[in-house]
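**Q** when you get a sec, could you give me coordinates for this:
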Amino acid sequence: MRVGAVALVVAVLVLALAWAFQRRLVYLPSGAPTAAAEQVLDGGSAVVLRTDDGLDLTAWYAPPTARPTGATVLVLPGNAGNRAVRAPLARAIAATGSAVLLLDYRGYGGNPGSPTEDGLAADARAAHAHLVDERGVDPARLVLFGESLGGGVATRLALERPVGGLVLRSPFTSLADMAAVHYPFLPGALLLRDRFPVRDAIGAVAAPVVVVAGPDDATVPFTQSAAVADAAGAALVEVPGVGHNDPDLGYGPRVVAAVVGLTGR
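**A** Take a look at the predicted model:
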């Protein structure tokens, strides 16, 4: 009985800690970028986005560096790093003639606030408003690039605001499904405060969707990305032989080609 009681106490303690600190396991922000936008992006500049809950977020805008297509790509990052890590992606997209807005969520890249699912959704809406209302971007020419967890942010934004298309790079089916993969000893479906139900939501998105994923990705199972593509009725672009954070899956030619397929060049 004593051993059972100790095991019960330990189990309760583990669950309590998982509940209290779960967002520190989900969101892994880096501090402020080490360089200014002008130093890493040709013609790049910093912009300030005001969220509907009163936060001022810094993002980077990169104009096209080739003949303009008239399209703009909003990059919605994954759960780690900051906008400086996505600068190579922005440069690659800008070189195809599309403008790029690199968003950093609240709590990332020196921005105020703490990340949550609803908070990231508000950040994405602020970026959309900046592009459409302040820069005059036609929503039909606005493509969302959702990386990993950003696929959940992109899917929700596409349900809340008009967009021209979505590229989902290594999306998962839901955060609970990811928890089951990486923390199988925890009842993630019961504990999680944030859900990101990508597979359940993507079918309601009216805009065209392309999914890019790696069969050898050890972070987000390829089967989950394929399930998202199936639920969306989307094309599935495979990038074999690379990991979740490898350059070929981050900003390689197949990734850029998927974006070009929706931006029109």
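
**Q** so for stretch 81-100, what's the average pLDDT?
**A** Throughout stretch 81-100, pLDDT has a mean value of 97.

**Q** please, which helix or strand holds Leu74?
**A** strand 72-76 (DSSP states H and E).

**Q** give me the helices and strands touching whichever helix or strand comes after that strand, please.
**A** Using DSSP H and E, the helix or strand that follows strand 72-76 in sequence is strand 80-81. Counting contacts by 3 or more C-beta pairs under 8 Å, 6 or more residues apart in numbering; DSSP states H and E, strand 80-81 is packed against strand 28-29. Heads up, the C-betas are built off the backbone N, CA and C, glycines and all.

**Q** give the other helices and strands that the strand it packs on contacts.
**A** Strand 28-29 packs on strand 80-81, going by 3+ C-beta pairs under 8 Å, 6+ apart.

**Q** give me the sheet partners of the strand it packs on and which way each runs.
**A** If you go by DSSP bridges, strand 80-81 pairs up with strand 28-29 (parallel).

**Q** quick one: mean pLDDT for the strand it pairs with?
**A** The average pLDDT within strand 28-29 is 94.

**Q** coming back round to it: starting at the chain centroid, how far to the strand holding Leu74?
**A** From the chain centre to the centre of strand 72-76 is a distance of 10 Å (C-alpha atoms, centre = their mean, to the nearest Å).

**Q** also stretch 137-152?
**A** What separates the centre of stretch 137-152 from the centre of its chain is 9 Å, taken as C-alpha atoms, centre = their mean.

**Q** restricting to C-alpha, output it in CSV.
**A** As requested, the backbone C-alpha atoms of stretch 137-152 are provided in CSV (Å, rounded to 0.1, in the frame of the first residue of the first chain):
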residue,chain,number,x,y,z
VAL,A,137,-2.6,43.8,-50.4
ASP,A,138,-5.4,42.1,-52.3
PRO,A,139,-6.5,39.2,-50.0
ALA,A,140,-6.8,37.0,-53.1
ARG,A,141,-3.0,37.6,-53.7
LEU,A,142,-2.1,36.9,-50.1
VAL,A,143,-0.6,33.4,-49.5
LEU,A,144,0.0,32.1,-46.0
PHE,A,145,3.1,30.0,-45.2
GLY,A,146,2.5,28.0,-42.0
GLU,A,147,5.5,26.2,-40.7
SER,A,148,4.8,23.2,-38.4
LEU,A,149,2.8,24.7,-35.5
GLY,A,150,2.3,27.7,-37.7
GLY,A,151,0.2,25.5,-39.9
GLY,A,152,-2.4,25.6,-37.1
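
**Q** quick check: mean pLDDT of it?
**A** The model assigns stretch 137-152 a mean pLDDT of 98.

**Q** dihedrals phi and psi, the most centrally placed residue in the chain?
**A** Centroid check for the chain by C-alpha atoms, centre = their mean gives Gly150 as the closest residue, at 1.5 Å. Gly150 adopts backbone torsions of phi -60, psi -20, taken as degrees, to the nearest 10.
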